[in-house]
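# Sharing a sequence plus its predicted fold:
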Amino acid sequence: MAAVAFAAWWVRATAAQQPPEDKKVIITGGGQRFAVPDCLPRAGDEASREACRTLTQVLRSDLRFEGLFQFVPESLFAALPPLNPESPNFEDWRSVGANILVILRAQVTGGELSVETRVFSVDGRQVMLSKRYSGRADNPRVFAHQASDDIVALTQYRGVARTKIAFTSDRDATKERRATKELYIVDYDGYNPRRITVNNSLNILPAWSPDGRALAYVSYRQGAPSVYVAHIYEGRSDNITKNEGQSFAPSFSPDGKRIAYSSTRSGGSEIWVASADGSGAHRVTSSAGINTAPTWSPTGQEIAFTSDRAGTPQIYLMDSEGLNVRRLTTVGNWNDAPAWNPSKEYSEIAYTARLEVGGFDIAVIDLASRQVRQVTAGRGSCEYPSWAPNGRHLVFACQRSKGGQWQISVADREGRNIDTLATGPGNNVQPDWGP
Amino acid sequence: MKRHIALFFLAAAVLLVGCHPKRPPAVLTDPGRTAREHPPATATPEDQPINTGPDIQPLGRDNPTGEDFSVNDPSGENGPLEDVHFDYDQAVLSDQARAILEKHALWLQNHRQAKVTVEGHCDERGTVDYNLALGDKRARAASEYLVSLGVAGDRLRTVSYGKEKPLDPASNDQAWSRNRRAHFVVSR
């Protein structure tokens, strides 16, 4: 009872320390050195210790992934006197070069996990953040992700630790139904896969709604490819193009109110824009060749897309009603699958490019300078890039060797730190990074 | 009497069981991504698949039966109308493709009940989005040529599979040329 009262007080006390909604940047600059010592179990039982091990490992890896901070090597912690979590000795942490100290404490009681996160400024000798999270103990990773996002919220960026990636996989295909692909979602680090579609058909090209509650995708479950919107928390999926012609490549506008896709209902493959429920569909391109793969600018005022109107697939820009069309890519004879960086900080578009003979690579073109930078090289064939919501990382699919399996990889926007996600069996392709 | 009561309860139990759906509706628990200080929902992930709606079977076109012909291959391969093939990144009909389509038009004149889904397929060397559009171009090229030969347009339907449904999953020239095709699935 006393504990409950304390928790209630603690929650209120910490709520008062929240930064205001117009975000105050508390951690600035790239030089901040974090110390993340091992999580301290509040009780000696194995469940608490096990939860602590996971929390430490996941929080360290989440914070590292963001690419915003430096870290004090953990090997230096052993030489320090034992940590007093209530009142850390800041001199100890200063001596190993830490500017910011993150203390985790956890306890499992009756299937319930309670985690405390405190972030101290070592230089300022004060608390920057203190949070308590409680919930079911089955997946401690979620707590670490939440803590990481709360810590990153002290910077000018939004963390990605609780974001999810949707993709399609042939892992459920059988000999009888070889063309089966089902949609899956995983945490941003590849853990916690969950199957979305269960219709034993071909389900491809998932695209998140900006609020993360829906996925637009293309399904062949009624024969012709049509765009569906799955409301994943309600267990409902609507066919929004109603089998009029064939429809592909859906993409939500940044405000979630409109959806762009390609459709053959007027003959050739053209870009169409409709309300998110499919109503009011109207064609915004008209050229004899292929027009597909629309992606919205962060303001929702422009659309980039692929067209072969000049003979080879190239990326074009237009405003969202189809006016002011101009060609963007000029290097190479195959550029497709544009993904506009959603952050207004970076004015750039990632896409799939054939830069060398044979395979494809991920490239990014700067919209102001038109300079192209190559994100992947020598990793077999990579395609279908999608940005993290904060625009600082990319996800894409790669096939390392001819005939090998397709797997999902992430990289930062410069193409450093490329990592393959263990998303599960089968060919895993067409990733879309959601909120 | 005891026996009757027992039967009553058994019947009631059966009724109750019958009232419930066989499986609970598979709905993802909202992770409460905006939850802050005490978000119990953040830590309650569900491992259930999310059922996104009715599991609608594809139309019965894959398993046609008829009086004047029959196709028993459920994969839709080896139907009465052979594939036509295309060059790399092309949707132009070759002379050989036209000759095959002329035979198909004749066959369709002799089988007036038959309807055809013309599938457009691509090899794996190309991007997803572009290949879906290229597959559509191939299916349409074949379909339009059949119409020019007198086949009624409402007997034909086009579907592009891009590189999503290769006939031969291998990664070599032979597989690629087999996979660049328009395929004809006959139904009635």
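Nice, I can see it.
# List the residue ranges of the chain that fall below the pLDDT cut-off.
This is for chain A. Within chain A, the stretches with pLDDT under 70 are A:1-25, A:29-30.
# was after chain B, sorry
Ranges of chain B meeting pLDDT under 70: B:1-78.
# count of residues packed around whichever residue of the stretch 51-200 of chain A sits closest to chain B?
Nearest to chain B in the stretch 51-200 of chain A, going by Cβ to the nearest Cβ, is A:Gly135, at a distance of 2.8 Å. No exception for glycine: its C-beta is placed from N, CA and C like everyone else's. Using other Cβ atoms under 10 Å in any protein chain shown, the number of residues around A:Gly135 comes to 23.
# Beta-bridge partners for the nearest residue to A:Gly67 once chain neighbours are set aside, please?
Ranked by Cβ to Cβ, 6 or more residues apart in numbering or on different chains and with sequence neighbours excluded, the top spatial neighbour of A:Gly67 is A:Asp412, at 5.4 Å. Here A:Asp412 shows beta-bridge partners A:His393, assigned using DSSP bridges.
# now the helices for the stretch 51-200 of chain A?
Assigned by DSSP state H, counting those that start in this stretch, the stretch 51-200 of chain A shows helices spanning A:90-95, A:140-152.
# With mean neighbour count as added columns, please give those in JSON lines.
Listed next are the helices of the stretch 51-200 of chain A as JSON lines, based on neighbours: other Cβ atoms under 10 Å in any protein chain shown:
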{"stretch": "helix A:90-95", "mean neighbour count": "16"}
{"stretch": "helix A:140-152", "mean neighbour count": "25"}
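# how about the ones you listed in CSV, adding distance to chain B?
Listed next are the helices of the stretch 51-200 of chain A as CSV, based on distance: least, Cβ to the nearest Cβ, whole Å:
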stretch, distance to chain B
helix A:90-95, 26
helix A:140-152, 5
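# Would you format the ones you listed as CSV with distance to B:Val151 included?
Putting the helices of the stretch 51-200 of chain A into CSV (distance: least, Cβ to Cβ, whole Å) gives the following:
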stretch, distance to B:Val151
helix A:90-95, 80
helix A:140-152, 57
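# about what we covered before: in this model A:Leu113 seems to touch the residue of the stretch 51-200 of chain A closest to chain B, though I could be wrong.
Yes - counting by Cβ atoms under 8 Å, A:Leu113 is a contact partner of A:Gly135 at 6.4 Å.
# Please tell me how far the residue nearest to A:Gly67 sits from A:Asn335.
22 Å (Cβ to Cβ, to the nearest Å).
# Show me which of those two is the more surrounded one.
Taking neighbours as other Cβ under 10 Å, A:Asp412 and A:Asn335 compare with A:Asn335 leading, 29 against 17.
# Quick one: residues contacting the more buried one.
The neighbours of A:Asn335, taking Cβ atoms under 8 Å, 6 or more residues apart in numbering or on different chains as the test, are A:306, A:313-315, A:329, A:351-354, A:363.
# Show the residue spans covered by the helices in chain B.
B:2-19, B:95-110, B:128-148, B:173-179 (DSSP state H).
# looking at those helices, which is buried most?
helix B:128-148 (a mean of 24; mean count of other Cβ atoms under 10 Å in any protein chain shown).
# burial measure for A:Lys257, as a count.
By other Cβ under 10 Å, the residues close to A:Lys257 number 12.
# In space, what's closest to it - neighbours in sequence excluded?
Using Cβ to Cβ, 6+ apart and skipping the chain neighbours, the partner closest in space to A:Lys257 is A:Ala276 (5.7 Å).
# ok, back up a step: tell me which of the helices of the stretch 51-200 of chain A sits nearest to B:Ala91.
B:Ala91 sits nearest to helix A:140-152 of all the helices of the stretch 51-200 of chain A, at 46.3 Å, using Cβ to Cβ.
# circling back to that earlier point, and the residue of the stretch 51-200 of chain A closest to chain B, how far from A:Val115?
9 Å.
# Show me the common contact partners of those two, please.
A:Phe143.
# A:Cys39 and A:Val108 touch, don't they?
No - between A:Cys39 and A:Val108 there is no contact under Cβ under 8 Å: 11.9 Å.
# The two - which one has more neighbours?
Using other Cβ under 10 Å as the criterion, A:Cys39 and A:Val108 rank with A:Cys39 on top: 27 against 22.
# tell me the phi and psi of the more buried one?
Recorded main-chain torsions at A:Cys39 are phi -60, psi 140, according to degrees, to the nearest 10.
# List the contacts of it.
A:51-53, A:55-56, A:59, A:104-106.
# Just give the nearest non-adjacent residue to A:Ala35, would you?
Nearest one to A:Ala35, counting by Cβ to Cβ, 6+ apart, is A:Ala98 at 3.7 Å.
# now A:Pro85
Closest to A:Pro85 by Cβ to Cβ, 6+ apart is A:Ile103, at 5.1 Å.
# now swap in A:Phe252 and tell me
A:Ser209 (5.0 Å).
# Just the buried ones out of the contacts of A:Asn335, please.
A:306, A:313-315, A:329, A:351-354, A:363 (16 or more other Cβ atoms under 10 Å in any protein chain shown).
# show me which of those neighbour chain B.
Counting by Cβ under 8 Å from any Cβ of the partner chain, A:306, A:313, A:352 from the buried ones among the contacts of A:Asn335 sit close to chain B.
# export those to TSV and tack on secondary structure?
Formatted as TSV, these follow (DSSP: H, G, I helix; E, B strand; the rest coil):
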residue	secondary structure
A:Thr306	strand
A:Pro313	coil
A:Thr352	strand
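# Would you reformat those as a markdown table and include distance to A:Tyr184?
As requested, those are exported to a markdown table (distance: Cβ to Cβ, whole Å):
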| residue | distance to A:Tyr184 |
| --- | --- |
| A:Thr306 | 25 |
| A:Pro313 | 28 |
| A:Thr352 | 21 |
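# Distance-wise, check the residue nearest to A:Phe252 relative to A:Gly256.
5 Å.
# if you count what's nearby, which of the two comes out ahead?
Neighbours per residue (other Cβ under 10 Å) separate A:Ser209 from A:Gly256, with A:Ser209 holding more: 20 against 16.
# I'd guessed that one sits against A:Ser253; true?
No - look at A:Ser209 against A:Ser253 with Cβ under 8 Å: they stay out of range, at 9.8 Å.
# still on that earlier bit, any common contacting residues for A:Ser209 and A:Gly256?
Common neighbours of A:Ser209 and A:Gly256 (Cβ under 8 Å, 6+ apart) are A:Ala276.
# Next to chain B, which bits of the stretch 301-435 of chain A? Give me the list.
Proximity of the stretch 301-435 of chain A to chain B is confined to A:306, A:308, A:313, A:334, A:336-337, A:352, A:358, A:360, A:383-384, A:402-403, A:429-430, A:435 under the rule Cβ under 8 Å from any Cβ.
# With respect to A:Ser369, which of these is nearest?
A:Thr352 (20.5 Å).
# rewinding a little: roughly how far apart are the residue nearest to A:Ala35 and A:Ile151?
In this view, A:Ala98 and A:Ile151 are 14 Å apart by Cβ to Cβ.
# Good, we can wrap up now.
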